[in-house]
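**Student:** Whatever this is, show me its structure:
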Amino acid sequence: MKKDLVNIKDLSNEEIMKLFVVADEMNQAIQNEQKLDLCKGKILATLFYEASTRTRLSFESAMFRLGGSVLGFSSTEGSSVSKGESLADTIRTVASYSDVIAIRHPNEGSARVASQFSNVPVINGGDGGHQHPTQTLLDLYTILKEKGSFASLNVLISGDLKFGRTTHSLAISLARFGVKMCFASPPGLEMPDYIMRTLSDEFKVIPKVANNMRDFIHEADVIYVTRVQRERLGEMEYLKFRDSYVVSEEMLRSAKKDAIVLHPLPRVNEIARDVDQDPRALYFKQAYNGVPVRMALIATLLGVL
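**Tutor:** Below is the predicted model:
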């Protein structure tokens with residue numbers, strides 16, 4: 001039976017942990033420069049209706065490292081979408097050319113629609129301001145590798161929590177693993193009510209909330225920073241929120257010595273460049289982890305393991 005990854009809830013905690021075991025094996029194969037042919041003869045289609053660097057390229061890198069091939073588009077301008085083709089028709093067509101589809105789309109719920117019209121697995125690479133489950137997988141993997149366990153962790157999630165789809169998926173997943181959370185965002189960019197209700201009603205988790213991340217930075221084991229989503233705001237709103245706060249070395253003096261700083265990237269100005277030299281800054285390692293994690297996910301969905 002075809003299995004998709006549209007929402008992080010599509011995977012149980014047990015399935016996530018199994019994926020991480022496979023990701024460890026994939027990471028070892030990369031480090032050993034081992035050539036894999038698990039996906040030889042298989043094709044990944046990348047349909048990116050929105051701009052992307054890390055998500056699209058790490059998907060492609062993952063498939064190439066598995067011995068497979070890639071086709072798709074990184075802009076709708078050169079596709080029939082620009083002629084008015086519907087998402088359903090695009091999916092029906094591309095599914096006949098490929099074995100698995102990774103899609104990013106500006107509309108919330110688009111990945112779920114795509115899965116309904118596809119006869120091959122669909123992976124959500126981000127649907128509007130809703131979900132980004134593969135980013136969450138690599139975030140969880142990074143936290144687990146660095147901290148060894150989710151037990152007793154306190155995670156500070158900061159920035160644009162209203163439109164930051166990475167924060168929505170991450171918050172739900174952390175709650176499922178029993179992690180304590182603090183949310184810090186500028187007034188007007190707070191975590192959506194439906195996420196807060198999910199956390200409290202389904203998982204009995206009630207995060208601490210503030211508009212200043214300095215309120216929580218001293219108690220955080222993981223500091224997860226996100227940018228203001230310019231593409232989902234008007235220019236005046238963006239300019240109002242852009243400089244709400246910047247994580248600097250001065251700010252990190254209040255943080256735990258063994259805390260880690262993560263960011264789904266791209267970074268604009270919410271983390272100062274001098275933080276890059278801090279050993280706690282792991283966002284580029286986090287980005288690398290997207291390759292073995294997506295290798296594990298593709299191989300699992302295709303049933304080639």
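**Student:** Run the chain-centre distance for stretch 167-178.
**Tutor:** Computed by C-alpha atoms, centre = their mean, to the nearest Å, the chain-centroid distance of stretch 167-178 equals 12 Å.
**Student:** Surely residue 45 is in a strand?
**Tutor:** Yes: judged by DSSP: H, G, I helix; E, B strand; the rest coil, residue 45 forms part of a strand.
**Student:** I figured it was touching residue 97, is that so?
**Tutor:** Yes: taking C-beta atoms under 8 Å as the definition, residue 45 is a contact partner of residue 97 at 6.5 Å. (C-beta placed from N, C-alpha, C; glycine too.)
**Student:** The two: which has the busier surroundings?
**Tutor:** Each of residue 45 and residue 97 has its neighbours counted (other C-beta atoms under 10 Å); residue 45 has more, 26 against 12.
**Student:** which non-adjacent residue is nearest that one?
**Tutor:** Leaving aside its sequence neighbours, residue 45 sits nearest to residue 98 (C-beta to C-beta, 6 or more residues apart in numbering; 3.8 Å).
**Student:** Got the phi and psi for that neighbour?
**Tutor:** As for residue 98, its main-chain torsions (degrees, to the nearest 10) stand at phi -140, psi 180.
**Student:** Count the residues that sit near it.
**Tutor:** Residues near residue 98, counting by other C-beta under 10 Å, number 23.
**Student:** Assess the claim that it and residue 44 are in contact.
**Tutor:** Yes: counting by C-beta under 8 Å, residue 98 touches residue 44, with 6.5 Å between them.
**Student:** Touching both of these two, which residues are there?
**Tutor:** residue 71 (C-beta atoms under 8 Å, 6 or more residues apart in numbering).
**Student:** which parts of the one helix or strand residue 113 maps to are buried?
**Tutor:** Using DSSP states H and E, residue 113 falls within helix 110-117. By 16 or more other C-beta atoms under 10 Å, the buried positions in helix 110-117 come out as 110, 111, 112, 113, 114, 115, 117.
**Student:** follow-up on the earlier one: common neighbours of residue 45 and residue 97, please.
**Tutor:** Contacts common to residue 45 and residue 97, judged by C-beta under 8 Å, 6+ apart, are residue 71.
**Student:** Report the contact partners of the residue nearest to residue 45.
**Tutor:** Per C-beta under 8 Å, 6+ apart, neighbours of residue 98: 43, 44, 45, 71, 120.
**Student:** Any idea what the first one is bridged to?
**Tutor:** Counting by DSSP bridges, residue 43 forms beta bridges with residue 69.
**Student:** Tell me if residue 149 really is in a strand.
**Tutor:** No: Residue 149 is assigned coil when assessed by three-state DSSP, not a strand.
**Student:** who's in contact with the helix holding residue 113?
**Tutor:** So helix 110-117 is in contact with 4, 6-7, 47, 49, 87-88, 91-92, 95, 101, 103, 105, 122-125, 127-128, 131, going by C-beta under 8 Å, 6+ apart.
**Student:** So residue 103 belongs to a strand, correct?
**Tutor:** Yes: counting by three-state DSSP, residue 103 is part of a strand.
**Student:** excluding its backbone neighbours, what's nearest it?
**Tutor:** Leaving aside its chain neighbours, residue 103 sits nearest to residue 47 (4.5 Å; criterion: C-beta to C-beta, 6+ apart).
**Student:** How about the contacts made by that neighbour?
**Tutor:** Per C-beta under 8 Å, 6+ apart, neighbours of residue 47: 72, 73, 90, 91, 94, 101, 102, 103, 104, 105, 114.
**Student:** Then residue 272?
**Tutor:** If a contact means C-beta under 8 Å, 6+ apart, then residue 272 has 246, 247, 248, 249 as its contacts.
**Student:** Closest to residue 225 out of those residues?
**Tutor:** Among those, residue 247 lies closest to residue 225 (C-beta to C-beta), at 5.5 Å.
**Student:** for the residue nearest to the spatial centre of the chain, helix, strand, or coil?
**Tutor:** Central residue of the chain (C-alpha atoms, centre = their mean): residue 135, 1.6 Å from the mean position. Three-state call for residue 135 (three-state DSSP): helix.
**Student:** okay, now the residue nearest to residue 169 when sequence neighbours are not counted: neighbour count?
**Tutor:** Closest residue in space to residue 169, ignoring its immediate chain neighbours: residue 136 at 3.9 Å, by C-beta to C-beta, 6+ apart. Residue 136 has 26 neighbouring residues, counting by other C-beta under 10 Å.
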